[in-house]
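*Asks:* Show me how the following folds:
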Amino acid sequence: MKFRRSIAIACALAGAMGIAGNTNALTINDTFNGFYVETGATSNRGINIELFKLGPELFAGFVTGFTYDADGNQVWFSGTDPEVLPGDISVDFNINLATGGQPFGGSQIPSNAESQGSGSLVFNTCNSAELTLNTNPGSVIPATTSVALDRGESLLGPIGVVGPDQCAFQQAFTGCPSFSDGPFSINGVEIPRACALSGGITSGSIELTNDILWVLTSAFVVGDPAGTSSTAEINIQPGTRIVNDPTGNPSALFIARGAKIFAIGQPFAPIVFSSFFPSASSTGQTTATAGQFGGLVINGLAPVNNCPALPGGCASEGNADVLYGGDDPFDSSGIIKYLRVQFGGDDINEEDQLNGIALQALGMGTTIDYIQVHANADDGIEWFGGTVRVTHAVVTAVNDDSFDWVAGWTGSLQYALADQQGSGDQGIEADNFDDNPLATPRSQPRIANITLNGSSDGDIGMLFREGTGVNLTNAIVKGFGDACLDIGNPPSAENGADDETFDLGFPGGTPDGTFTIQNTYLACDTAIIEEPEDLIDNSDFFDSFDAENTTFGGFPGIFPPSGAAFLRGRPMDPAIFSDLDLTEFAGAFENEENAWTAGWTEFLD
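*Replies:* Presented below is the predicted three-dimensional model:
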């Protein structure tokens, strides 16, 4: 039974709550394609499933199969499921009797089809499923209920198990673990294979497995919220889906100082934090929107320039009981790879929302690689101090800034894409500390191979202010409505003095290397904002750094055109970027054919 049908019961009971949707444990996708056959039975029924991607988080399923009639004759059938969504535990299809064609087990299609009822292939793992055929009275296809099938090498052949290197869903659901709050229900109706999670752990280790849909019914904190030496850990399997409570309780995952997260997805099975509702639907049901999920907030012990000294700290975004900040630049908060946070940004208060991913005082011992934030109600990814290095980061369709940093971030970002898709403010909004631009450590990250793809409704591609430094190279900024680049603020009531962005980067008028822009290409109607109050001519500042800094005509989309030789042959300065990949191309991608976004991202098509 497809989950959307079971949830319909809960939806009816929910009434005025307006709850409708589809989400559950597995993520059925093309890694489930193949043959599933009955073993240990004389009938030896079987089915072939092919799933075709239609769009972001949306597949269609085509099935062909065989069974036996009352006289023992082999009967072939086919069917389609036009909509397979994340969390569906089954492919539901119409049953069409195959007549007039050759018996088939691969891509052959019968010449005629007669409707015989409906069927369902319920998956337990990548390698096992249950077949149910609800046929019409008088059909030559006998009705069956929950016939166990196993993965086969062919429709008529021996068993061929698919391993975790090909499909992540290797274990069947057996129940909710003891550290959870038990099965998740809506108005007393239990949602299949869904477990509720609230509160947190202060010690020990837990694992979120991919056979379960995890519903955060409150903020969940891993570690001692105000401590500095927690040993708590959370492990998250590839392909796991974690969603908000659709009844309205706030949801976010917080990693406390000293605690660790090991969320290591796969290119074919990313870990996803998302709305309870599906991101796409062709049937008119409720779909996900920004602000439904909360966010992922990771707190560390690396230096921050505006936090009290240890054992104190700064109050975490979204949860004042959780602290961040310390004095260890090499601190580790764990490993994150192949992970998406989407439809987040739940309200902190009436005016503020959570960032999609907040990296608060993370040290360079933390690994963060291949992450995406989509459709967040606030910023996509924000750094609050720290030294963490991030690679392969994507932010799409957020309502505020795509990338944001404050409070002394001195790490790095390489291979990054912001794609506004018609919404959002800045591509990068960068600050040191608004109350004291001279605060140390000073924000000075190294940014390389970044593409900021704006929209006419967006604001500024890159806004550097409040004393921040930066070492930027191999960047493409295009399509922003206000401008591609603005540096510094004039004196204002907010900072009470001249902005220190230039003063710190040019003591006595001489550049000291703390603010550099190289190999950067701008394509906006207004390339650079100039204001009478600016402490320096921004255009002269941009041009003076590097002869390769320039404006250009831009190109459509996020990938460079194949003939764009002018974007290549741009070596990075090894004196600044020695520990990064020393590429020789501008932007996030050298070409579309080898794009590092393939497979694990969504919403880029």
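*Asks:* What average pLDDT does stretch 301-321 get?
*Replies:* Taken as a whole, stretch 301-321 has an average pLDDT of 93.
*Asks:* now stretch 354-362
*Replies:* On average, stretch 354-362 scores 97.
*Asks:* Quote the end-to-end distance of it.
*Replies:* Distance across stretch 354-362, first residue to last, is 18 Å (Cα to Cα, to the nearest Å).
*Asks:* Then stretch 400-409?
*Replies:* Start-to-end span of stretch 400-409 (Cα to Cα) is 20 Å.
*Asks:* Could you number the chain from 881 rather than 1 from now on?
*Replies:* Done: numbering now begins at 881, and the last item shifts to stretch 1280-1289.
*Asks:* Dig out what Ser995 forms beta bridges with.
*Replies:* Asn976 (DSSP bridges).
*Asks:* Verify the stated contact: it with Phe973.
*Replies:* No: Ser995 is not in contact with Phe973 according to Cβ atoms under 8 Å; the separation is 11.3 Å. To be clear about C-beta, it is placed using only N, CA and C from the backbone, and glycine gets the same treatment.
*Asks:* quick one: which of those two has more around it?
*Replies:* Using other Cβ atoms under 10 Å, the more surrounded residue of Ser995 and Phe973 is Phe973, with 23 against 13.
*Asks:* Confirm that the more buried one sits in a helix.
*Replies:* No: going by DSSP: H, G, I helix; E, B strand; the rest coil, the assignment for Phe973 is strand, not a helix.
*Asks:* contacting residues around it?
*Replies:* Counting by Cβ atoms under 8 Å, 6 or more residues apart in numbering, Phe973 touches Gly941, Val943, Gly959, Thr960, Asp961, Ser998, Gly999, Ser1000, Leu1001.
*Asks:* go with 6 Å
*Replies:* Applying Cβ atoms under 6 Å, 6 or more residues apart in numbering to Phe973 gives the contacts Val943, Gly959, Thr960, Asp961, Gly999.
*Asks:* Setting aside sequence neighbours, what's the nearest residue to it?
*Replies:* Gly959 (3.2 Å; Cβ to Cβ, 6 or more residues apart in numbering).
*Asks:* The one you found against Leu977, yeah?
*Replies:* No: the criterion here is Cβ atoms under 6 Å, and Gly959 misses it with Leu977 at 10.2 Å.
*Asks:* Those two: who's more crowded?
*Replies:* Gly959 (25 against 19).
*Asks:* any idea which helix or strand carries the more buried one?
*Replies:* Here Gly959, judged by DSSP states H and E, is contained in strand 954-964.
*Asks:* tell me what that strand is packed against?
*Replies:* Counting contacts by 3 or more Cβ pairs under 6 Å, 6 or more residues apart in numbering; DSSP states H and E, strand 954-964 is packed against strand 938-948, strand 970-979.
*Asks:* of the ones you listed, which approaches Ala1310 most closely?
*Replies:* Of all the helices and strands packed on strand 954-964, it is strand 938-948 that lies closest to Ala1310, at 35.8 Å by Cβ to Cβ.
*Asks:* which residues sit in contact with Asn1124?
*Replies:* Contacts of Asn1124 (Cβ under 6 Å, 6+ apart): Ser1131, Phe1156, Gln1172, Phe1173.
*Asks:* And the strands in the stretch 1331-1480 of the chain?
*Replies:* Along the stretch 1331-1480 of the chain, the segments classed as strands by DSSP state E, counting those that start in this stretch run 1340-1344, 1350-1358, 1363-1367, 1395-1403, 1430-1431.
*Asks:* For Asn909, which of these is the nearest?
*Replies:* Comparison of the strands of the stretch 1331-1480 of the chain against Asn909 by Cβ to Cβ identifies strand 1350-1358 as nearest, at 31.2 Å.
*Asks:* Just checking: what are the partner strands of that closest one?
*Replies:* strand 1326-1333 (parallel), strand 1395-1403 (parallel).
*Asks:* need the helices for the stretch 1331-1480 of the chain, in chain order.
*Replies:* 1381-1385, 1418-1425, 1454-1457 (DSSP state H, counting those that start in this stretch).
*Asks:* For those helices, which has the smallest mean pLDDT value?
*Replies:* Mean pLDDT is lowest for helix 1381-1385 among these, at a mean of 58.
*Asks:* Ok, which of the strands of the stretch 1331-1480 of the chain comes nearest Phe1465?
*Replies:* Between Phe1465 and those, the shortest separation by Cβ to Cβ is 6.6 Å, and it involves strand 1350-1358.
*Asks:* got the angle for that closest one vs strand 1340-1344?
*Replies:* With axes from the mean of the first three to the mean of the last three Cα atoms, to 10 degrees applied, the angle from strand 1350-1358 to strand 1340-1344 works out at 170 degrees.
*Asks:* I'd like the average pLDDT over strand 1350-1358.
*Replies:* Mean predicted confidence for strand 1350-1358 is 96.
*Asks:* Can you name the residues in contact with that strand?
*Replies:* 1326-1332, 1341, 1364, 1395-1403, 1434, 1450, 1452, 1456, 1466-1467.
*Asks:* which of those residues count as buried?
*Replies:* Neighbour-count burial (16 or more other Cβ atoms under 10 Å) applied to the contacts of strand 1350-1358 gives 1326-1332, 1341, 1364, 1395-1403, 1450, 1452, 1456, 1466-1467.
*Asks:* In three-state terms, label Glu1262 for me.
*Replies:* Three-state assignment for Glu1262 (three-state DSSP): strand.
*Asks:* can you give me the strands for the stretch 881-1030 of the chain?
*Replies:* Per DSSP E, counting those that start in this stretch, the stretch 881-1030 of the chain carries strands over the ranges 914-917, 926-935, 938-948, 954-964, 970-979, 992-1005, 1008-1015, 1024-1032.
*Asks:* picking up where we left off before, list the strands paired with the strand holding Gly959, with their directions.
*Replies:* strand 938-948 (antiparallel), strand 970-979 (antiparallel).
*Asks:* relative to strand 1008-1015, how tilted is the longest one?
*Replies:* Between the direction of strand 938-948 and that of strand 1008-1015, the angle (the same axes, to 10 degrees) works out to 70 degrees.
*Asks:* What residues sit buried inside strand 938-948?
*Replies:* Buried residues in strand 938-948, counting neighbours by 16+ other Cβ under 10 Å, are found at Leu938, Phe939, Ala940, Gly941, Phe942, Val943, Thr944, Gly945, Phe946, Thr947, Tyr948.
*Asks:* which regions of the stretch 931-1080 of the chain lie under the pLDDT threshold?
*Replies:* Low-confidence regions of the stretch 931-1080 of the chain, defined here as pLDDT under 70, cover residues 979-993, 1034-1039.
*Asks:* please redo it, this time with the cut-off set to 50
*Replies:* Residues of the stretch 931-1080 of the chain meeting the criterion pLDDT under 50: 981, 983-989, 991.
*Asks:* Spatially central, which residue of this structure would that be?
*Replies:* Arg1220 (1.4 Å; Cα atoms, centre = their mean).
*Asks:* Now that one: closest residue in space that isn't a chain neighbour?
*Replies:* Distances taken as Cβ to Cβ, 6+ apart place Gln1252 nearest to Arg1220, at 4.5 Å, with adjacent residues excluded.
*Asks:* quick one, what contacts Ala1023?
*Replies:* Contacts for Ala1023 (Cβ under 6 Å, 6+ apart) come out as Leu1013, Thr1015.
*Asks:* 8 Å instead, please
*Replies:* Per Cβ under 8 Å, 6+ apart, neighbours of Ala1023: Gly997, Leu1013, Asn1014, Thr1015.
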